[in-house]
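# Please find the sequence and the predicted model below.
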Amino acid sequence: MLNIALPKGRLGEKVYNMLAKAGYACEEFDSGSRKLIFTDEKNGVSYFWVKPSDVPIYVEHGAADLGVAGRDVIIESGADVYELLDLKTGVCRMAVAAKNGYTDDLSRPLRVATKFVNIAKNYYDGKNRDINIIKLSGSIELAPLLGLSDVIVDIVETGTTLRENNLSVIEEILPLSARLIANKARYKFKQAEVTAVVDKLRKELDND
Amino acid sequence: MTACKWNNEEELCFNLQKLYGGFGYQRYKMGKFEEYSLYLDNKNFLKSQSVITFNDHGGKLMALKPDVTLSIVKNAAPGQPRKVYYKESVYRPDKTTGEFREISQIGLELLGGVDDAATAEVLFLAAKSLEEIDDDYILDVAHPGVVAGLIEDCGAAGFAGELYAFVSAKNTHDLKNFCREKGVDETLSDKLAALVSCGGDCASALKTAEQAAGETKSLGILRSVCRAAEALGIADKIRLDFSIVGDADYYKGVMFTGYVGGSPYPVLSGGRYDKLAGKYGIDSGIGFALYLDQLSFYGGAKSGGTDAVVLYDDTTAPARVVAAVKKFADGGLTAAAVRSLPDGFGGKIEDLRRCADA
């Protein structure tokens, strides 16, 4: 039996459909239900919904053998897990954005508003740039508009929200997409089952 | 048929000390503190670089030990082979909260004159240590030299750190994309990806590794380890994994990581650290540590209760109470003398209260 943590929301539903097509359907699965765990003995799989940012934690601590999480969430959590497959969905990028026409003032620390503290810190550490991080939980785009920060580090998908708010991407940090992750210890004991899931999903991705 | 043997830390340590003692390892007891400079000089050897420090009476900067191996290596006399085992606490920050925790470890070190026989012995003892916890165990064995050779071939001097991060996460998709961006020959990145993804029993992993990396000295060492494991009857528990990477400034040779079926974390890690030993005038060193804190939750929660209770009141003669508890204990049960029955108690009851006699 493989326990798989799926992120609540559209991404989780999309990946479940990929898994179902690959032979890991769960008869009682219903994304609209309030039920949290769905098991299918016949296909040897048990799914559960968790908050997207919690998926790496469930996997790292072995509550789930496998999980699906965005690369941003994996890096930000610092979870020690295997990252087995790029699911090529939820494709976007982590970027630095600022008000149109912004120029960096190198004589003082840069004020960075973000949800992704670790990613922002590592990025600017790599550039040896002194920064002040302002941690926010949502509506990050508002920060430079109100003078709370100079720039933001955030996920950019189409760029529409940025454009509509007179903001633009000034630096790309890294490309993002959903990944299949595995607990390192569980991988050792269930290697054949895990490898089968990876191979079948890879085949599905190649056929798309 | 597999079985979890984990009962408690004391029983495990008793059995392991007997095991290590039988192979000529002597108990090594050390103090809780060490000069901070030892950790500053070897900071990349530590799992975390955060250390609790304080000044002693003479103004010397001291640290609560975050690691045992460094102290043993530093204090060993060069030129004399030394086999020691230890059970010590180390102090490291918790990954989530950053708060320091006392972590209990038991392990062994073999310093000087490490050859194939010594390597096989330590590997065997690591396997037997895991078997003392659970019959369902796996010992991952690696030689970082196999991957290091290919990474060197990629000409990755400026970006080896990024490649090693992809390797240890078995992240072949980002590894290949990254190599493409850096202009690395695709044949080489494909070979590296194949090596990282492969893993499993000795025969199949060696075959894949040979196809990917060619026959190298590192692979030859792993081949010899696999032969020894076969002869020692532990080959079915050994897996080769080329995604294990260690700091090249300290490790040279085989590395291993141990897992038991019920734990989501590695419970044992070790390897050959000739380069660290060399810094202290010793030609070679190998050892491993078993993380006892990772086993605290092993085998589910214990009830904390006893098998039996002896009920007594003021009218019961004290000697009768003690004798009743002893009777249970002599029969191999745990028992407690209590004045009233604990809620929901489902074990044996001996009632010595006056009302019970009536």
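Structure received. Numbering: from 1, shown residues only, chains lettered A, B, ... in the order given.
# What residue in chain A comes nearest to chain B?
Taking C-beta to the nearest C-beta, chain B has its nearest neighbour within chain A at residue A:62, 2.1 Å off. The way it works is simple: take the backbone N, C-alpha and C, and place the C-beta from them, glycine included.
# Could you look up the SS state of that residue?
Following DSSP: H, G, I helix; E, B strand; the rest coil, the label given to residue A:62 is coil.
# quick one: it and residue A:105, what's the gap?
Taking C-beta to C-beta, to the nearest Å as the measure, residue A:62 and residue A:105 are separated by 47 Å.
# quick one, which of those two is more surrounded?
More crowded of residue A:62 and residue A:105, by other C-beta atoms under 10 Å in any protein chain shown: residue A:62, with 16 against 9.
# Could you measure from that one over to residue B:276?
The gap separating residue A:62 from residue B:276 is 31 Å, by C-beta to C-beta.
# do residue A:38 as well
Separation of residue A:38 from residue B:276 (C-beta to C-beta): 49 Å.
# rewinding a little: find the nearest non-adjacent residue to the residue of chain A closest to chain B, please.
residue B:264 (2.1 Å; C-beta to C-beta, 6 or more residues apart in numbering or on different chains).
# wait, that neighbour sits on residue A:58?
No: at 10.1 Å, residue B:264 and residue A:58 do not qualify as touching, with contact defined as C-beta atoms under 8 Å.
# Alpha carbons only: can I get the longest strand seen in chain A in PDB?
The single longest strand within chain A, with elements called by DSSP state E, is strand A:167-176. Extracted as PDB, the C-alpha positions of strand A:167-176 are listed here (Å, rounded to 0.1, in the frame of the first residue of the first chain):
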ATOM      1  CA  LEU A 167       4.700  46.100 -11.600                       C
ATOM      2  CA  SER A 168       7.100  44.000 -13.600                       C
ATOM      3  CA  VAL A 169       9.600  41.200 -13.300                       C
ATOM      4  CA  ILE A 170      13.100  42.500 -12.900                       C
ATOM      5  CA  GLU A 171      14.900  39.200 -12.200                       C
ATOM      6  CA  GLU A 172      14.100  35.500 -12.700                       C
ATOM      7  CA  ILE A 173      15.100  33.300  -9.700                       C
ATOM      8  CA  LEU A 174      14.000  29.800 -10.800                       C
ATOM      9  CA  PRO A 175      11.500  27.900 -12.900                       C
ATOM     10  CA  LEU A 176       8.800  26.000 -11.000                       C
END
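# what does chain A put close to chain B?
For chain A, the contact set with chain B under C-beta under 8 Å from any C-beta of the partner chain comprises A:60-63, A:78, A:81-86, A:183-186, A:188-189, A:191.
# what helix or strand does residue B:287 sit in?
Using DSSP states H and E, residue B:287 sits within strand B:285-291.
# Show me what counts as buried in that strand.
Applying a neighbour-count criterion of 16 or more other C-beta atoms under 10 Å in any protein chain shown, one finds B:285-291 buried in strand B:285-291.
# now the helix or strand that that strand is followed by, how far from the chain's geometric center?
The first helix or strand that comes after strand B:285-291 along the chain, using DSSP H and E, is strand B:308-311. Here the centre of strand B:308-311 is set off from its chain's centre by 40 Å, with C-alpha atoms, centre = their mean, to the nearest Å.
# ok, strand B:308-311: who's next to it in the sheet?
Paired with strand B:308-311 in the same sheet, following DSSP bridges, are strand B:335-338 (parallel), strand B:348-351 (parallel).
# Give the other helices and strands that the lengthiest helix in chain A contacts.
Using DSSP state H to define each element, chain A has its longest helix at helix A:191-207. If contacts are counted by 3 or more C-beta pairs under 8 Å, 6 or more residues apart in numbering or on different chains; DSSP states H and E, helix A:191-207 sits against strand A:2-7, helix A:10-19, strand A:82-86, strand A:178-182.
# quick one: it to helix A:10-19, angle?
Per axes from the mean of the first three to the mean of the last three C-alpha atoms, to 10 degrees, the angle that helix A:191-207 makes with helix A:10-19 is 100 degrees.
# From the rest of the structure, what touches the helix or strand of chain A with the lowest mean pLDDT?
The weakest-scoring helix or strand in chain A, judged by mean pLDDT, DSSP states H and E, is strand A:37-40 (a mean of 90). With contact meaning C-beta atoms under 8 Å, 6 or more residues apart in numbering or on different chains, strand A:37-40 is reached by A:1, A:24-30, A:45-48.
# Give me the neighbour count for residue A:44.
Using other C-beta under 10 Å, residue A:44 has 13 neighbouring residues.
# My read is that it contacts residue A:194, right?
No: Residue A:44 is beyond contact range of residue A:194, at 11.7 Å (criterion: C-beta under 8 Å).
# about what we covered before: please identify the pairing partners of the least confident helix or strand of chain A and their relative orientation?
With DSSP bridges as the test, strand A:37-40 is paired with strand A:45-50 (antiparallel).
# mean confidence for the strand it pairs with?
Averaging pLDDT along strand A:45-50 gives 93.
# Once you drop chain neighbours, what's closest to residue 78?
This is for chain A. Distances taken as C-beta to C-beta, 6+ apart place residue A:118 nearest to residue A:78, at 6.5 Å, with adjacent residues excluded.
# wait, chain B
Excluding the flanking residues, the one nearest residue B:78 by C-beta to C-beta, 6+ apart is residue B:281, at 3.7 Å.
# same thing with residue A:83?
residue B:171 (4.2 Å).
# which residues in chain B form helices?
B:9-22, B:36-41, B:69-75, B:116-131, B:144-153, B:160-168, B:172-181, B:186-197, B:202-213, B:217-232, B:274-279, B:318-330, B:354-357.
# if we can go back for a sec, list just the nearest of the buried residues of strand B:285-291 to chain A.
Using C-beta to the nearest C-beta, the buried residues of strand B:285-291 come closest to chain A at residue B:291, 12.5 Å.
# residues contacting that closest one?
Contacts of residue B:291 by C-beta under 8 Å, 6+ apart are B:103-105, B:265-269.
# could you redo the last one with a cut-off of 10 Å?
Contact partners of residue B:291, counting by C-beta atoms under 10 Å, 6 or more residues apart in numbering or on different chains, are B:90, B:103-107, B:258, B:263, B:265-269.
# again, but for residue A:9
Residue A:9 sits in contact with A:31, A:49, A:51-52, A:90, where contact means C-beta under 10 Å, 6+ apart.
# where does the residue most central in space within chain A fall, phi/psi-wise?
Centroid-nearest residue in chain A: residue A:70, 1.8 Å away (criterion: C-alpha atoms, centre = their mean). Main-chain torsions, residue A:70, degrees, to the nearest 10: phi -70, psi 150.
# Residue B:264 and residue A:58: which has the busier surroundings?
A direct count of neighbours by other C-beta under 10 Å for residue B:264 and residue A:58 places residue A:58 higher, at 23 against 18.
# so the more buried one touches residue A:47, yeah?
No: with contact defined as C-beta atoms under 10 Å, residue A:58 does not reach residue A:47; the gap is 11.9 Å.
# what residues are shared contacts of the two?
With C-beta under 10 Å, 6+ apart, residue A:58 and residue A:47 have common neighbours A:3-5, A:64, A:66.
# what would these look like in JSON lines with pLDDT and neighbour count?
Shown next, in JSON lines, are these (pLDDT from 0 to 100; neighbours: other C-beta atoms under 10 Å in any protein chain shown):
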{"residue": "A:3", "pLDDT": "96", "neighbour count": "21"}
{"residue": "A:4", "pLDDT": "97", "neighbour count": "25"}
{"residue": "A:5", "pLDDT": "96", "neighbour count": "26"}
{"residue": "A:64", "pLDDT": "96", "neighbour count": "27"}
{"residue": "A:66", "pLDDT": "97", "neighbour count": "30"}
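# State the pLDDT value of the residue nearest to the centre of chain A.
96.
# Can you tell me how far it is from residue B:92?
To residue B:92, residue A:70 is 30 Å away according to C-beta to C-beta.
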